[in-house]
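Q: how would this look folded up:
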Amino acid sequence: VGVIWMTTALASNDTRPMNASERARLCRCVPGDQCWPGVKSWKGLQNKILGRLTPFDLPSEQGIPISGYILEAQTTKDIATTLKFARNHKLKLTNSNQSGLSDGLVIDTKKLRNITTEPAFTPKGCLSSDYRVPAVTIGAGTSWAEAFNDVATKQHRYIQGAGFSATSTIDSYTQSGGLGGFAKKFGTSAANVLQVEVVTANGDIVIANDCENTDLFWAIRGGGPRTFGIVTNMTFATHPLPATAGVFQATVTAKTDAAYQILLEQYLVFFRQYLNNDHWGDKFTFNKGNQINIALLFQDLDEQELTKTWQPFQEWIAKNANVYSMQSEVVNIPADKLWNKAFIEKKFPQVAATKESTVFFQSWWLPLNLFEDEHVKSLANMIFKASRVSDVSFQIDKGLAGAAIEAMQRTSNTAMNPNVLQAAA
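A: A predicted model of the protein is given here:
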């Protein structure tokens, strides 16, 4: 059921130009090619679907003109019908729910934004006695902001995803694995998927889960976005909201470079011992101002437990107050409001300010053994040198070392790189 969306290339070292017959055999049709369908064919396709089929002719971001047709799919059947049309005409095809376009035929799933509560869900073909779990079925074009608003704010349940992101959609995020939030408690987003509806390359509508099309089900959960078919719906397990939740924010400052290097080592050890567990998520950042900026989510910790967690580090800071300072704040937020953007902006603007950004970055997993005593000094030294050039952030919910056993078990049954299980951040 594998799908090749983009133009097929010659798998050899032959760099000579392709002749017409080779191109016809190996490549997909784009506007301007003789094989590109005429207006009558496109009108015929439009008559078979509910979604809008629109021609486009635009400059790309690189200034190179691009053209073709875009389908704004309204139903799974729209996609299946269009895929069969593309297959019959050998069209270059792209699946997207974002704004980017590409030459050829683009299937846009952003209008597939249904959210359906499943109080006792059983995957198709499975025994109900093995399942009947609370779940929610979500259309592929739904943003995580929409999903969390429905599941957490309205249903008072938790779904593992990308918080109140209005740009990240459930399909591509989950197919990439889906780390973030309380992943160390619940596992990746992919690990919480119970069933997917997929349209395969030949236009078949397929249900995949633990009981049917199991190889496809495994691959889609963490094997890469838009690789094995076009996902139209995903069903996720939901969980009880944590009893307590909130944000711990702090700024720790060292007066000198030498003191900062010592601080880095001390904090990394503290993280390994006290924060690398299923209560914590989000990030801390090291900068060239010799500061550690901490912005962490927490769940299921009361005030006494929070105080106990941070006491060893705060006591160390206090003992060395001649070279270090620390300002911190605990913001307790009702769990059902933690992902309600409007509520956070109104009640806790200081928290919203740390979330309101779209960041593109390079990242590497950091295995937990780098934080062990025999390696931590080298890690601290690396961070110090890197922070002279740019901010260095550790996103601790992007690795599952220290996670709950059930979260690790769930994730180990997906297609995500297993190194995530040994990564602390």
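Q: CA only for contacts and neighbour counts going forward, please
A: Noted.
Q: what residue ranges in the stretch 251-400 of the chain score low on pLDDT?
A: For the stretch 251-400 of the chain, the stretches flagged by pLDDT under 70 are 350-362.
Q: just the strands in it please.
A: Secondary structure of the stretch 251-400 of the chain, counting by DSSP state E, counting those that start in this stretch: strands at 280-287, 291-299, 324-332, 392-395.
Q: what's the closest of those strands to residue 346?
A: When the strands of the stretch 251-400 of the chain are compared by CA to CA, strand 324-332 sits nearest residue 346, at 13.6 Å.
Q: about what we covered before: which one of the strands of the stretch 251-400 of the chain lies nearest to residue 32?
A: strand 392-395 (46.2 Å).
Q: returning to that earlier point: could you export the strands of the stretch 251-400 of the chain as a markdown table, including distance to residue 310 and mean neighbour count?
A: A markdown table is the format used below for the strands of the stretch 251-400 of the chain (distance: least, CA to CA, whole Å; neighbours: other CA atoms under 10 Å):
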| stretch | distance to residue 310 | mean neighbour count |
| --- | --- | --- |
| strand 280-287 | 12 | 21 |
| strand 291-299 | 12 | 22 |
| strand 324-332 | 10 | 15 |
| strand 392-395 | 18 | 20 |
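Q: and of the ones you listed, who's closest to residue 419?
A: strand 392-395 (15.6 Å).
Q: with just CA atoms, put that closest one into PDB.
A: This file holds the C-alpha atoms of strand 392-395, laid out as PDB (Å, rounded to 0.1, in the frame of the first residue of the first chain):
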ATOM      1  CA  VAL A 392      20.000  26.000  23.400                       C
ATOM      2  CA  SER A 393      16.700  24.500  24.400                       C
ATOM      3  CA  PHE A 394      16.000  21.100  25.900                       C
ATOM      4  CA  GLN A 395      12.400  20.000  25.100                       C
END
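Q: what's it in contact with?
A: 281, 282, 283, 284, 285, 286, 287, 383, 386, 425 (CA atoms under 8 Å, 6 or more residues apart in numbering).
Q: please save the CA atoms from the very next helix or strand once past it in CSV.
A: With elements assigned by DSSP states H and E, the helix or strand that comes after strand 392-395 is helix 405-412. Output of helix 405-412 as CSV, limited to C-alpha atoms (Å, rounded to 0.1, in the frame of the first residue of the first chain):
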residue,chain,number,x,y,z
ILE,A,405,6.1,2.2,31.8
GLU,A,406,2.7,2.1,30.0
ALA,A,407,3.7,5.1,27.9
MET,A,408,6.9,3.4,26.8
GLN,A,409,5.1,0.2,26.0
ARG,A,410,2.5,2.0,23.9
THR,A,411,5.2,3.8,22.0
SER,A,412,7.4,0.8,21.4
